[in-house]
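Asks: one predicted model, sequence on top.
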Amino acid sequence: MTTGFVFSGLKVLDASSFIAGPAAATVLADFGADVIKIEPPGKGDPQRRLSSVPPSPRAQANYSWHLANRNKRGMAIDLKSPAAPRILKRLVEWADVVITNFPHGTREKLHLGYDEVSGWNPKVIYADITGFGDAGPDAGQPGSDLTAAWSRSGLLASTRDAGAPPTVPVWGSGDYMSAIAIYAAIVTALYRREQTGQGASVGTSLLAAGIWATGTLVAGALAGGTPFEPHNRKAPVNPLTNPYRTADGRWVMLVTSPPNWPGLTRVVGHPELLEDPRFADVEGFVEHSAVLTELLDAEFRSQPFAHWKDALNRERITYSLIQTPEEAAQDPQLRPNDIVVPLEGVSDLKETINSPVNLRGVPKVPAKRAPDLGEHNDEVLAELGFSPADVAELRTQGAIPAPPRGEM
């Protein structure tokens with residue numbers, strides 16, 4: 001057992017898959033929780049195969065699996081087996097937290113519904129993630145991050161240029177965003193349990209997380225606001241918040257505002273624009289957006305990124321180079337801030353991405369490889385009080401597979 005960390009002694013049953021639920025359990029594990037992940041025998045959690053599915057980057061390492069399932073122990077249990085509840089009940093009794101993302105109906109058939117789980121362990125924190133929530137006409141519909149978090153929420157429709165069709169966003173991003181919401185719900189419930197001694201049922205949906213991410217626009221719609229048209233880079237609503245291309249073909253995302261306008265005029269070598277009445281106020285920037293964008297386009301195209309980096313930094317203008325994921329992986333900010341951390345136990349993968357929750361001065365568990373399928377079956381079953389004869393019987397009954405022979 002891990003000791004000396006925030007969640008040392010906290011026991012978590014991760015009965016979820018692909019990706020939000022497991023990632024929430026990983027954050028708990030990062031702070032010292034003992035997380036046992038259960039998967040179906042055979043192929044296990046589909047995330048074991050995500051790294052090999054296009055458009056995931058091609059690599060020898062199973063990087064996606066280790067990202068969302070590091071620092072856990074792994075069990076393979078056939079929850080459809082009549083003998084599986086013998087194991088599941090003891091796991092639930094052992095656990096402080098149970099996480100699932102099985103759909104309503106399915107989870108009850110697998111003995112993972114809240115009523116049964118809380119009957120076994122009244123103090124348990126039961127956390128779940130759904131696509132569209134617990135109520136409403138689509139509560140029973142399957143959802144993914146691309147559909148529920150991105151498409152249904154309005155987020156995807158709002159992240160494209162005028163005239164461009166919708167595209168496929170970074171898959172998994174809605175899941176990882178939702179994982180932090182589940183983690184927050186679990187921690188909130190644990191704090192409440194400290195005060196009251198009571199367990200709780202908590203959770204969120206991919207749709208809720210997507211709506212929260214699109215909050216400014218959806219809140220504006222709730223207020224009856226008049227929406228702007230999709231972003232037009234040549235004539236944006238705000239030319240001071242717009243991407244511009246440099247002489248060496250790089251793109252810079254400029255994000256500034258009228259108070260920084262004097263500095264920007266110096267950066268682009270046109271201080272006379274300060275006296276131009278067209279740009280005297282916000283309304284003027286909007287009305288004459290196309291003219292100013294054309295001027296800024298021409299100036300940014302005239303010099304390489306290194307020039308603009310120095311000039312923008314000198315004037316304290318907010319901007320960023322639009323990096324590729326490959327460039328982001330080598331960003332000099334990542335390792336000093338423990339955003340990328342060493343990963344132990346994987347021969348062809350030396351680093352992974354840290355969870356974004358940190359307590360300054362408080363250590364997190366060093367990242368260790370995710371478990372092989374069923375790797376800890378015998379170990380955990382023994383801890384739960386099953387004898388070798390019991391384990392053999394569970395195998396005969398089909399609740400657990402034969403001992404694993406190596407990673408899939």
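Replies: Okay, I see it. Since this is a predicted model, take the numbers as computed values, not measurements.

Asks: what bits of this structure have low per-residue confidence?
Replies: 1-3, 404-408 (pLDDT under 70).

Asks: which stretch of helix or strand covers the residue nearest the centre of the chain?
Replies: Nearest to the geometric centre of the chain sits residue 176, at 1.0 Å (C-alpha atoms, centre = their mean). Element membership for residue 176 (DSSP states H and E) is helix 173-196.

Asks: how far off centre is that helix?
Replies: The chain centre lies 13 Å from the centre of helix 173-196; the measure is C-alpha atoms, centre = their mean, to the nearest Å.

Asks: please apply the same query to stretch 100-113.
Replies: Worked out by C-alpha atoms, centre = their mean, stretch 100-113 lies 23 Å from the chain centre.

Asks: and for it, what's in contact with it?
Replies: 15-17, 20-21, 79-80, 84-85, 88-89, 98, 115-117, 126-130, 134, 139-140, 142 (C-beta atoms under 8 Å, 6 or more residues apart in numbering). Yep, even glycine has a C-beta here, placed from its N, CA and C like the rest.

Asks: equivalent analysis for stretch 241-259, please.
Replies: Contacts of stretch 241-259 (C-beta under 8 Å, 6+ apart): 233, 236, 240, 264, 281-282, 285, 293, 296-297, 300-305, 307-308, 312, 317-322.

Asks: show me which positions of it end up buried.
Replies: Of the residues in stretch 241-259, 242-244, 246, 250, 252, 254, 256 count as buried by neighbour count, 16 or more other C-beta atoms under 10 Å.

Asks: rebuild these as JSON lines, extending it with secondary structure.
Replies: As requested, the buried residues of stretch 241-259 are arranged in JSON lines below (DSSP: H, G, I helix; E, B strand; the rest coil):
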{"residue": "242", "secondary structure": "strand"}
{"residue": "243", "secondary structure": "strand"}
{"residue": "244", "secondary structure": "strand"}
{"residue": "246", "secondary structure": "coil"}
{"residue": "250", "secondary structure": "coil"}
{"residue": "252", "secondary structure": "strand"}
{"residue": "254", "secondary structure": "strand"}
{"residue": "256", "secondary structure": "coil"}
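
Asks: may I see those residues arranged in TSV, with distance to residue 335 as well?
Replies: TSV is the format used below for those (distance: C-beta to C-beta, whole Å):
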residue	distance to residue 335
242	31
243	27
244	29
246	27
250	23
252	24
254	27
256	29
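
Asks: now for those, which pair is the farthest apart?
Replies: 250 and 256 (18.1 Å; C-beta to C-beta).

Asks: list the ones among the contacts of stretch 241-259 that fall in strands.
Replies: Among these, DSSP state E puts 319-321 in strands.

Asks: relative to residue 354, which of those is nearest.
Replies: residue 320 (20.7 Å).
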